[in-house]
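J.: Sequence plus predicted model, see below.
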Amino acid sequence: MPGTIEKRLAELGVEIGTPAAPAANYVPTVRTGNLVFISGQVSQDASGLIKGKLGADMSVEDGAKAARSCAIRLIEQMKMATGDLDKVKRVVKLLGMVNSTPDFPDHPKVVNGCSDLLVEVFGDKGRHARSAVGVVNLPFGVAVEVEAIIEVE
Amino acid sequence: MPGTIEKRLAELGVEIGTPAAPAANYVPTVRTGNLVFISGQVSQDASGLIKGKLGADMSVEDGAKAARSCAIRLIEQMKMATGDLDKVKRVVKLLGMVNSTPDFPDHPKVVNGCSDLLVEVFGDKGRHARSAVGVVNLPFGVAVEVEAIIEVE
Amino acid sequence: MPGTIEKRLAELGVEIGTPAAPAANYVPTVRTGNLVFISGQVSQDASGLIKGKLGADMSVEDGAKAARSCAIRLIEQMKMATGDLDKVKRVVKLLGMVNSTPDFPDHPKVVNGCSDLLVEVFGDKGRHARSAVGVVNLPFGVAVEVEAIIEVE
């Protein structure tokens, strides 16, 4: 039986799948006590990696969509780590990193694409502390990468 | 009655106020167990945002002042999260991000503006682990952003 | 008597020493509960700081060696914080920051230099969550900086 959060994902039309294993010597999530640390999730969807540099070749709107894809990847990792998304007690903290030029100033609007989906899905449990900053580049030239800390039951 | 830390702030001539609520779908602080995660605080004072890029249009000294303003913003958030700054048991960790050029090498001197004030205010409880790094830009072009993890009673 | 991890370091030919104290108002590590937060460790070896910018004047292979040196610095800090490396229960999380150009895409390959050594030394306890990202510059122009969170007994 799908839980409350899985039903909410279905209502929102968000499909989650099984994430690919990391290609290197690290793991997607580590639990310590009631905290789960989730590795940085890069922007990607069914078509592959979402690449771009804000301020150069990607609009704020498309950047926010890229950040939304990071939220979906984070939710997939939460599912893998907990087995049941209803066990997510709180999204604690995000670090949202935006591939951007030295002049691009709208990192918060981009990372909102991730924050908004987490609140749509988890409600008040999805409200998190965060930083949203510009980085000179990200792996493979993706547009956005977001790492997270969550609290679980 | 002002507590020990509030008296110390008064001695130092540091005025703290009530921080503005975030404009987006996130919150300034999240507590989990005895840890409080504080969202990235951007450099700003009573005159508004402190903007600049180290290595281009801002001196190290002015960068350190900008970082000091981040410390004041962090202390305001600690007050909001705890109700009483004397409940801050330890400043655990800072991530100090400096808006800088590819050649600027003095991020530690800039972030010291934040670290020094926290130690002046909290004494040994203010001594923290930290990273101080350069980022390609920050929201709205601010000079410095610092996020923090604190331990509370 | 050297413990299991110290023997493993000897087998691998990795020598650890006593790290220099930070030059500023922060500390190398802070413990809270069973977590130890380790300040960002910059790439350096017996010859001094390892400087370079990936995509400009340093190869991926040399970048990975620089990242490996960060792992050694992190292990030194773990030793200082615990007194006995066998008390490290888990390497929980790394944030690997690579000094790189706007076009450099291979941050994961660089940070693998750090991740691989941690897994060689600690085995499954060394498998961590991580993010590997590009930054516009790092203190003193070093090539790589890695901060870590570990769980201890």
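T.: Great, that's in hand. Residues are numbered from 1 along each chain as shown, chains lettered A, B, ... in the order given.

J.: elements contacting the helix or strand containing residue A:78?
T.: For residue A:78, the element it lies in under DSSP states H and E is helix A:60-82. Applying 3 or more Cβ pairs under 8 Å, 6 or more residues apart in numbering or on different chains; DSSP states H and E, we find helix A:60-82 packed against strand A:29-32, strand A:35-42, strand A:44-45, strand A:88-99, helix A:107-122, strand A:144-152. The way it works is simple: take the backbone N, C-alpha and C, and place the C-beta from them, glycine included.

J.: repeat that for 10 Å
T.: Helix A:60-82 sits against helix A:4-12, strand A:29-32, strand A:35-42, strand A:44-45, strand A:88-99, helix A:107-122, strand A:144-152, with contacts defined as 3 or more Cβ pairs under 10 Å, 6 or more residues apart in numbering or on different chains; DSSP states H and E.

J.: so which of these comes closest to residue C:142?
T.: Taking Cβ to Cβ as the measure, the helices and strands packed on helix A:60-82 were each checked against residue C:142, and strand A:88-99 came out nearest at 19.4 Å.

J.: from chain A, which residue is nearest to chain C?
T.: Nearest to chain C, among the residues of chain A, is residue A:40, at 3.2 Å (Cβ to the nearest Cβ).

J.: where in chain A is pLDDT low?
T.: Scanning chain A for pLDDT under 70 picks out no residues.

J.: Kindly reformat the helices and strands packed on helix A:60-82 as TSV containing distance to residue B:152 and mean neighbour count.
T.: As requested, the helices and strands packed on helix A:60-82 are exported to TSV (distance: least, Cβ to Cβ, whole Å; neighbours: other Cβ atoms under 10 Å in any protein chain shown):
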stretch	distance to residue B:152	mean neighbour count
helix A:4-12	29	15
strand A:29-32	19	18
strand A:35-42	16	25
strand A:44-45	37	17
strand A:88-99	14	26
helix A:107-122	24	24
strand A:144-152	15	26
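
J.: Next, count neighbours for whichever residue of chain A sits closest to chain B.
T.: Distances between chain A and chain B by Cβ to the nearest Cβ are smallest at residue A:131, namely 3.1 Å. Neighbour count of residue A:131, defined by other Cβ atoms under 10 Å in any protein chain shown: 26.

J.: for residue A:15, same thing?
T.: Neighbour count for residue A:15, taken as other Cβ under 10 Å: 10.

J.: That one: what secondary structure?
T.: Following DSSP: H, G, I helix; E, B strand; the rest coil, the label given to residue A:15 is coil.

J.: any idea how far it is from residue A:133?
T.: 29 Å (Cβ to Cβ, to the nearest Å).

J.: With adjacent residues omitted, what lies nearest to residue A:130?
T.: Distances taken as Cβ to Cβ, 6 or more residues apart in numbering or on different chains put residue A:94 closest to residue A:130, at 4.1 Å, once the chain neighbours are dropped.

J.: Quick check, the one you found in contact with residue A:147.
T.: Yes. Between residue A:94 and residue A:147 there is a contact under Cβ atoms under 10 Å: 7.2 Å.

J.: who's in contact with residue A:114?
T.: Counting by Cβ atoms under 10 Å, 6 or more residues apart in numbering or on different chains, residue A:114 touches A:41, A:43, A:64, A:66-74, A:94, A:96, A:128, A:130, A:132, A:144, A:146, A:148, B:25-26.

J.: cutoff 8 Å now
T.: Residues near residue A:114 by Cβ atoms under 8 Å, 6 or more residues apart in numbering or on different chains: A:67, A:68, A:70, A:71, A:74, A:94, A:96, A:144, A:146.

J.: Skip the chain neighbours and tell me the closest residue to the residue of chain A closest to chain B.
T.: Nearest one to residue A:131, counting by Cβ to Cβ, 6+ apart, is residue B:40 at 3.1 Å.

J.: Count the residues that sit near residue A:126.
T.: 22.

J.: need the contact list for residue A:128.
T.: Residues in contact with residue A:128 (Cβ under 8 Å, 6+ apart) are A:90, A:91, A:92, A:93, A:94, A:115, A:118, A:148, B:26, B:27, B:30.
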